[in-house]
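[1] sequence and predicted model, in that order:
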Amino acid sequence: YPDMAEAGVSIISCLAPVYYTGSIANKTFDDTYIASTGVDIHIESISRLLDDATKLTNGSFAILVDFDLDVVVISQEVVEKIYPTRTGFEDERVTHGGISGEMLIYDRRNTTYLVSDTIYQGLSELENADWHSLRRSLKGLDPGERDYSKLNITLTGDEDAIEFYVMYEKWNYVADWALLMFAPVHEVDNAIEVRIVETAEMTNSFREVENVVLTVRKGSSISGKAAIRNAGTLDVALRPSGIPHWLKLQPPFGDGQILRAGHNLNLNFEVLTNELDVGITSSTLSFHIQDDSYPDCFYVQEKALRITVYVLLGYYFYLLIALFIITGFLVVYTYIERRKKEADSVWEVKKSELIYDDPPEILGRGTFGLVVCAEYRGTRVAVKRVIPTREGTTVVDVSTISAIFDYNDDFDEEELKPQKRYGTTELKPRRRISMGM
């Protein structure tokens, strides 16, 4: 209860159990309750301890309240932050004494608000925030349980409300009290500010990266790197929450690492391509980030780095592809050349395949040669044989014809002499092939 005799100083009186282990009067005790003792705690001292709450972030503060949001412990600094500048005119702010009870001890109406004045006005009676919703949330807690919510509070002297995180914990023992911790939302969000940047060199600016792209050949390995920078005001604990099976962190994080405020942590990793298919593979390397000092802190951040890997085929594969292409080209070239030769062979006359009658049938004769009938690959054809000249003059005689034809030593030369044919039908061959000798 607040000590009304001295403004701003209060005393908590409580009964504390005493446990004993040992021997007394031939009796043995093992952590046995033997007595209780009264404990008086000056709230003024506790209030000073609450000042440490202002070191959490800029604008943070704490209050110890009961479940009706009546103030148990509060510092003068916090009073000046959330309570009115002056007290009200309620009659209960006047203290009387004496035998008759009419003696005025002091009057706290319309005066500067002090810690002791909060006994007359709990948080739920203030109009600068929705304190009733906070009280409902608080009453839903079990002993020892923690929770948090957001609350817009218009601080004394301000026109606009500020959004606060309100973190509360219900005491597990002694009393139905709860410690309320207030911190501006924007300060908390920035207090834990972790970025993944390109490098870890200490420079004035760091370029944040979201994706790392690597190119590697199948069967090889490739290393990548980045850095994790703590740009906030709180130390944080880092713990990998998602690592692709084909990626190996160097060195391994294990259960996690501590990253101090303003410091960087090199993030080196190796990609194992043996476990990747040829093509594009993309996955996320993610980290679980939270306050280092409070593992059960409600504020948790997830930070992720996307890693994209282009896996190419090895050199031997490309060599096989090249050999395959060359072999295919040679096969196609050989096939084309063969078909060309087959096509050209139709027009290439082989003397060995010419079959003449015995004796040859003369179809016609001229100044420079004669035309005889023959059979070529089953077809009747006319063959022109050129008569070689002798001293610039073409002479056709039996000896010349024999030299030209050179078909059969036994043919009848008389058949080659000039002759006329009348009343006969001229044989027209299906092909006319000229061959010179």
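    Arrived safely, thanks for sending.
[2] please count neighbours and contacts with C-alpha atoms only from this point.
    Will do.
[3] so where's the stretch 101-250 of the chain uncertain?
    101, 174, 199-205 (pLDDT under 70).
[4] go again using 80 as the cut-off
    The model of the stretch 101-250 of the chain has pLDDT under 80 over residues 101-106, 173-175, 189-192, 199-206, 219, 233-234, 250.
[5] helices of that one, start to end?
    Shown for the stretch 101-250 of the chain, the helices assigned by DSSP state H, counting those that start in this stretch span residues 131-139, 185-191.
[6] and L330, that one's in a helix?
    Yes. Looking at L330 with DSSP: H, G, I helix; E, B strand; the rest coil, it is inside a helix.
[7] for it, give its distance to F324.
    10 Å (Cα to Cα, to the nearest Å).
[8] the stretch 301-437 of the chain: helices as residue ranges?
    315-345, 398-405.
[9] which of these comes out lowest on mean pLDDT?
    Lowest mean pLDDT of the helices of the stretch 301-437 of the chain: helix 398-405, a mean of 45.
[10] longest single strand anywhere in this protein?
    The longest strand of the chain (DSSP state E) is strand 27-42.
[11] closest to K170 out of the helices of the stretch 101-250 of the chain?
    helix 131-139 (7.8 Å; Cα to Cα).
[12] nearest spatial neighbour of L247, chain-adjacent residues omitted?
    V271 (4.8 Å; Cα to Cα, 6 or more residues apart in numbering).
[13] any idea of the mean pLDDT in the helix or strand hosting the one you found?
    V271 is part of strand 264-272 when elements are defined by DSSP states H and E. Mean pLDDT, strand 264-272: 87.
[14] show residues contacting that strand.
    199-200, 220-230, 246-251, 259 (Cα atoms under 8 Å, 6 or more residues apart in numbering).
[15] let's see it at 7 Å
    For strand 264-272, contacts defined as Cα atoms under 7 Å, 6 or more residues apart in numbering pick out 200, 221-230, 246-250.
[16] which other residues reach the helix or strand following it?
    From strand 264-272 onward toward the C-terminus, using DSSP H and E, the following helix or strand is strand 279-291. Strand 279-291 is contacted by residues 234-244, 297, 299-312 when judged by Cα under 7 Å, 6+ apart.
[17] how far does strand 279-291 sit from the chain's center?
    How far strand 279-291 lies from its chain's middle: 5 Å, per Cα atoms, centre = their mean, to the nearest Å.
[18] what's the average pLDDT for that strand?
    87.
[19] buried stuff in it?
    By neighbour count on 16 or more other Cα atoms under 10 Å, the buried set for strand 279-291 is 283-291.
[20] farthest-separated two in those?
    Applying Cα to Cα across the buried residues of strand 279-291, the maximum distance is between S283 and D291, 26.5 Å.
[21] apart from its chain neighbours, what residue comes closest to A129?
    Leaving aside its sequence neighbours, A129 sits nearest to I153 (Cα to Cα, 6+ apart; 4.9 Å).
[22] who does that neighbour bridge with?
    Note on I153: beta-bridge partners by DSSP bridges are I162.
[23] in the sheet, who's paired with the spatially most central residue of the chain?
    Nearest to the geometric centre of the chain sits R306, at 1.8 Å (Cα atoms, centre = their mean). As for beta bridges, R306 partners with N211, T284 under DSSP bridges.
[24] thought it was touching V212?
    Yes. If you go by Cα atoms under 7 Å, R306 and V212 touch, sitting 6.3 Å apart.
[25] can you give me the strands in the stretch 101-250 of the chain?
    Under the criterion DSSP state E, counting those that start in this stretch, the stretch 101-250 of the chain contains strands at 103-107, 146-153, 162-170, 177-184, 194-197, 211-217, 221-230, 236-242, 247-250.
[26] show me how far stretch 147-156 is from its chain's centre.
    That offset, for stretch 147-156, works out to 36 Å (Cα atoms, centre = their mean).
[27] ok, and what's touching that stretch?
    Against stretch 147-156 from outside (Cα under 7 Å, 6+ apart): 81-84, 128-129, 160-169.
[28] look up how far Y310 lies from the residue nearest to L247.
    11 Å.
[29] if we can go back for a sec, turn the helices of the stretch 101-250 of the chain into JSON lines, columns for mean neighbour count and distance to S75.
    JSON lines is the format used below for these (neighbours: other Cα atoms under 10 Å; distance: least, Cα to Cα, whole Å):
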{"stretch": "helix 131-139", "mean neighbour count": "16", "distance to S75": "19"}
{"stretch": "helix 185-191", "mean neighbour count": "17", "distance to S75": "21"}
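[30] in TSV, list the ones you listed along with distance to Q121.
    Putting these into TSV (distance: least, Cα to Cα, whole Å) gives the following:
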stretch	distance to Q121
helix 131-139	13
helix 185-191	26
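[31] out of those helices, the one nearest H263 is which?
    helix 185-191 (13.7 Å).
[32] name the helices or strands packed onto that closest one?
    Using 3 or more Cα pairs under 7 Å, 6 or more residues apart in numbering; DSSP states H and E, the elements in contact with helix 185-191 are strand 162-170.
[33] okay, the angle between the strand it packs on and strand 146-153?
    Computed by axes from the mean of the first three to the mean of the last three Cα atoms, to 10 degrees, the angle separating strand 162-170 from strand 146-153 equals 150 degrees.
[34] for strand 162-170, name the packing helices and strands.
    Looks like strand 162-170 contacts strand 146-153, strand 177-184, helix 185-191 (3+ Cα pairs under 7 Å, 6+ apart).
[35] now those in a markdown table, with distance to V18?
    A markdown table is the format used below for the helices and strands packed on strand 162-170 (distance: least, Cα to Cα, whole Å):
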| stretch | distance to V18 |
| --- | --- |
| strand 146-153 | 28 |
| strand 177-184 | 22 |
| helix 185-191 | 41 |
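[36] so which of the ones you listed gets nearest S116?
    strand 177-184 (18.4 Å).
[37] adjacent strands (with direction) for the closest one?
    Assessed with DSSP bridges, strand 177-184 is paired to strand 61-66 (antiparallel), strand 162-170 (antiparallel).
[38] and it, how far out from the chain middle?
    Using Cα atoms, centre = their mean, the offset of strand 177-184 from its chain centre is 37 Å.
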